[in-house]
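Peer 1: what's the 3D shape of this:
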Amino acid sequence: MKNLVQLTDFGSILCPLILAGALATTAQAQPQSAPGPISAPNITLNVQRSSGTCPQTIGLWWFTLPYEGGAEHTVVADTREFADSSKLVSSNKQFVEFVSPLRSNYASCVGKTRGQEYTFYNVEFKNKKAYFRVDLRKINAPGRLITYKTIAASRPYVRWAIAD
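Peer 2: Below is the predicted model:
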């Protein structure tokens, strides 16, 4: 019985030490995540360059909230790689256009995005500017409407809806 009590006392001291050591080792073994954005754009549009120095791709964050008979879409263009600001220049119920003055390292860029899948999203580079467009006229559906457009964190932001 005396040995059992000593063994229990020894175990109550040793167990927490082993547990603490295991936790410390596990915590040190976890890889450190690199600093950066919480999430990257989920859509990439390739840029077809005609002349000058152009970015190879343009990223878009595109989120869809489906509902019965349609869906609401939100798109944000990641223009921060090549421009510091954006401005809304033209819009109606089915079309919106933003312009972003290009940084000096991309000012010579002439080109545009080419995508068969997302034809209603377009970026064109010319005259030291980038033009981001959302054109719902390219979607064959009866109910399509741009419901909101603004600049968010210096990036073009558009919300649009489509219904049957």
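
Peer 1: hang on, isn't residue 154 packed against residue 80?
Peer 2: Yes - using C-beta atoms under 8 Å, residue 154 is in contact with residue 80, at 6.6 Å. Using the backbone N, CA and C atoms, a C-beta is placed for each residue, glycine as well.

Peer 1: With neighbour numbers in mind, choose between those two.
Peer 2: Neighbours per residue, other C-beta atoms under 10 Å: of residue 154 and residue 80, the larger number sits with residue 80, 16 against 12.

Peer 1: what secondary structure does the more buried one sit in?
Peer 2: Look at residue 80: counting by DSSP: H, G, I helix; E, B strand; the rest coil, its state is helix.

Peer 1: That one and residue 57, how far apart?
Peer 2: Applying C-beta to C-beta, to the nearest Å, the value for residue 80 to residue 57 is 13 Å.

Peer 1: Could you do residue 128 as well?
Peer 2: 20 Å.

Peer 1: Over to residue 78?
Peer 2: Going from residue 78 to residue 57 by C-beta to C-beta gives 9 Å.

Peer 1: okay, these two: which has more neighbours?
Peer 2: Set residue 78 next to residue 57 and count neighbours by other C-beta under 10 Å: residue 78 wins out with 21 against 15.

Peer 1: Could you give the bridge partners of the nearest residue to the more buried one once chain neighbours are set aside?
Peer 2: Nearest non-adjacent residue to residue 78, counting by C-beta to C-beta, 6 or more residues apart in numbering: residue 59, 3.9 Å away. In this structure, residue 59 bridges to residue 44, residue 78 when assessed by DSSP bridges.

Peer 1: show me where this protein has helices.
Peer 2: Under the criterion DSSP state H, helices of the chain are mapped to 2-29.
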